[in-house]
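Asker: What follows is a predicted structure for the sequence shown.
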Amino acid sequence: MTPAINSAKKANIAFTVHEYQHDPNSESYGEEAAAALGLNPAQVFKTLLVSLTGHKSQLGVAVIPVSHQLSLKAIAKAFGAKKAEMADPKVAERTTGYIVGGISPIGQKKALPTMIDSSAESQPQVNVSAGKRGLEIELSPHDLAKLTRASFATIVA
């Protein structure tokens, strides 16, 4: 069990875990997950960490569909920060306790402010990393928001 799965269990929410064979040569972890599990990419979300300037927290979490790119301008605005840029991968790993390609928005070592792209709200279920490459957790977008204390905003380009 990963911290993400343990957090979902502890919160007593409905979820499903999906496992697939991760290809270390894959260019996109999220798109690989969608293809391997036969899921619509609009229902598979990736977890990105951003460095924030002019915000009480130096880091924030963005959860967006794997088929989209993060808008740094939109995520900065959603957090009320002056500027956002992608966080250094080593900082992301150290802060979350997960490795890049397996960073889950759930059960991170340090609770960070989190934004989920508003497109998630139109999905009955979403899939995010369950805390390691080749492992996804499926749950309702509102349960994801509850577990991560997240807000919804339009944060894709």
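Answerer: Sure, I can see it. Since the structure is predicted, the reported quantities are computational estimates derived from the model, not experimental observations.

Asker: This structure: helices as residue ranges?
Answerer: Taking DSSP state H as the criterion, the chain contains helices spanning 3-10, 29-37, 72-79, 89-96, 141-148.

Asker: Can you give me the buried ones in the last one?
Answerer: To tie it back to what came earlier, the one meant is helix 141-148. Neighbour-count burial for helix 141-148, counted by 16 or more other Cβ atoms under 10 Å, picks out Pro141, Asp143, Leu144, Ala145, Leu147, Thr148. In this view, the C-beta of every residue, glycine as well, is placed from N, C-alpha and C.

Asker: re earlier: any chance of the helices of the chain in JSON lines, with distance to Val128 and mean pLDDT too?
Answerer: Below are the helices of the chain laid out as JSON lines (distance: least, Cβ to Cβ, whole Å; pLDDT from 0 to 100):
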{"stretch": "helix 3-10", "distance to Val128": "8", "mean pLDDT": "96"}
{"stretch": "helix 29-37", "distance to Val128": "9", "mean pLDDT": "89"}
{"stretch": "helix 72-79", "distance to Val128": "17", "mean pLDDT": "96"}
{"stretch": "helix 89-96", "distance to Val128": "13", "mean pLDDT": "94"}
{"stretch": "helix 141-148", "distance to Val128": "7", "mean pLDDT": "97"}
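
Asker: With distance to Thr16 added, can I get the ones you listed in JSON lines?
Answerer: JSON lines is the format used below for the helices of the chain (distance: least, Cβ to Cβ, whole Å):
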{"stretch": "helix 3-10", "distance to Thr16": "10"}
{"stretch": "helix 29-37", "distance to Thr16": "11"}
{"stretch": "helix 72-79", "distance to Thr16": "28"}
{"stretch": "helix 89-96", "distance to Thr16": "22"}
{"stretch": "helix 141-148", "distance to Thr16": "12"}
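
Asker: Next up, the contacts around Ala81.
Answerer: Contacts here follow Cβ atoms under 8 Å, 6 or more residues apart in numbering; on that basis Ala81 touches Leu52, Thr53, Gly54, His55, Gly60.

Asker: Report the buried members of those.
Answerer: Burial by neighbour count, judged by 16+ other Cβ under 10 Å, picks out Leu52, His55, Gly60 from the contacts of Ala81.

Asker: Look up which residues are beta-bridged to the first one.
Answerer: As for beta bridges, Leu52 partners with Ala84 under DSSP bridges.

Asker: gap between it and Asn12?
Answerer: Summarising the geometry, the distance separating Leu52 from Asn12, computed by Cβ to Cβ, to the nearest Å, is 32 Å.

Asker: Sweet, I'm off.
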